[in-house]
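Student: Next one to model:
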Amino acid sequence: MAAEQKIKSSPTLRRNRNFRLLFSAQIISLLGSGVTTVGLALFAYQLTGGASATAVIGNALTLRILAFLLFSQPAGVIADRISKKRILIAADLIRFGRIVSVVVHFQTEPLPWFHQFCADTVNFVPWQLDA
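Tutor: Model (predicted):
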């Protein structure tokens, strides 16, 4: 009976400030990742002139799956041994740095397709850590 009272009196997640902050940060991060994915597809279309954009996007998605297969298990082990807060912060900082590097590189010279594929893979690895 005491356990039922404790459950009924506990605050909902909507009232938990830490949960709201984490949830908001994750929504912003996922929106940024989604916009990046759309931007990468548009970039591939622009880079290839539309002729082989499907192949370029297919290769990028293949590398994303390969990154998942290679890094998901080690990421799980690391995530179990390190503070979750530090992992979330580090993963978002790595993704941010990756996006900034692509923008800076693109402003100085045309971005090679291989750099873009590597950047997409680097973007995916931190996501595995905070999943």
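
Student: For the rest of this, base every contact and every neighbour count on C-alpha atoms.
Tutor: Noted.

Student: Mean pLDDT per helix and strand in this structure: which one sits at the bottom?
Tutor: Least confident helix or strand of the chain, by mean pLDDT, DSSP states H and E, is helix 2-9 with a mean of 57.

Student: chain center to the helix or strand following that helix: distance?
Tutor: Moving toward the C-terminus from helix 2-9, the next helix or strand (DSSP states H and E) is helix 17-48. Remark: helix 17-48 is offset 7 Å from the chain centroid, using Cα atoms, centre = their mean, to the nearest Å.

Student: Helix 17-48 - contacts with which helices or strands?
Tutor: Applying 3 or more Cα pairs under 8 Å, 6 or more residues apart in numbering; DSSP states H and E, we find helix 17-48 packed against helix 53-81.

Student: So for the helix it packs on, what gets flagged as buried?
Tutor: Within helix 53-81, the residues scored as buried using 16 or more other Cα atoms under 10 Å are 53, 56, 57, 60, 63, 64, 67, 68, 71, 72, 75, 79.
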